[in-house]
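[1] Sequence and predicted structure, then a few things I'm wondering about:
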Amino acid sequence: MVARPGEAGEELYVCLSRQLQVLHQVESGEEHEVTRLQAGGLFGEIAQLTGQARNASVRAASACALLVVRQKAFV
């Protein structure tokens, strides 16, 4: 799991290879796939810009490469 709901969002991630699954947890506790990110896709920008906690889970569909950009890089 790369990111979970409720975590602090201090990093922005860019998918460099393969795919990532974006998941949303429903009231029953089950996770449903919302979308898949391909190489070049990014996530974490909203939490990084607003300071809000992450609102979705993201996991690698298979082994992948990620570029991690920490919030401090923009300060």
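    Received, thanks.
[2] which residues sit against the helix or strand of the chain with the lowest mean pLDDT?
    Counting by mean pLDDT, DSSP states H and E, the chain has its least confident helix or strand at helix 45-50, which shows a mean of 88. Applying CB atoms under 8 Å, 6 or more residues apart in numbering, the contact partners of helix 45-50 are 8-12, 52-55, 71, 74. All C-beta atoms are positioned from the backbone trio N, CA, C, and that covers glycine.
[3] ok, residue 64 - contacts?
    By CB under 8 Å, 6+ apart, the neighbours of residue 64 are 15-20.
[4] mind redoing it with 6 Å?
    Neighbouring residues of residue 64 by CB atoms under 6 Å, 6 or more residues apart in numbering: 17-18.
[5] Ramachandran coordinates for it?
    The phi and psi values for residue 64, taken as degrees, to the nearest 10, are phi -140, psi 170.
[6] sec struct for residue 68, please.
    Under DSSP: H, G, I helix; E, B strand; the rest coil, residue 68 falls in the strand class.
[7] And for the closest residue to it other than its chain neighbours, the neighbour number?
    Using CB to CB, 6 or more residues apart in numbering and skipping residues adjacent in sequence, the residue nearest residue 68 is residue 11, 5.2 Å away. Residues lying near residue 11 (other CB atoms under 10 Å) number 21.
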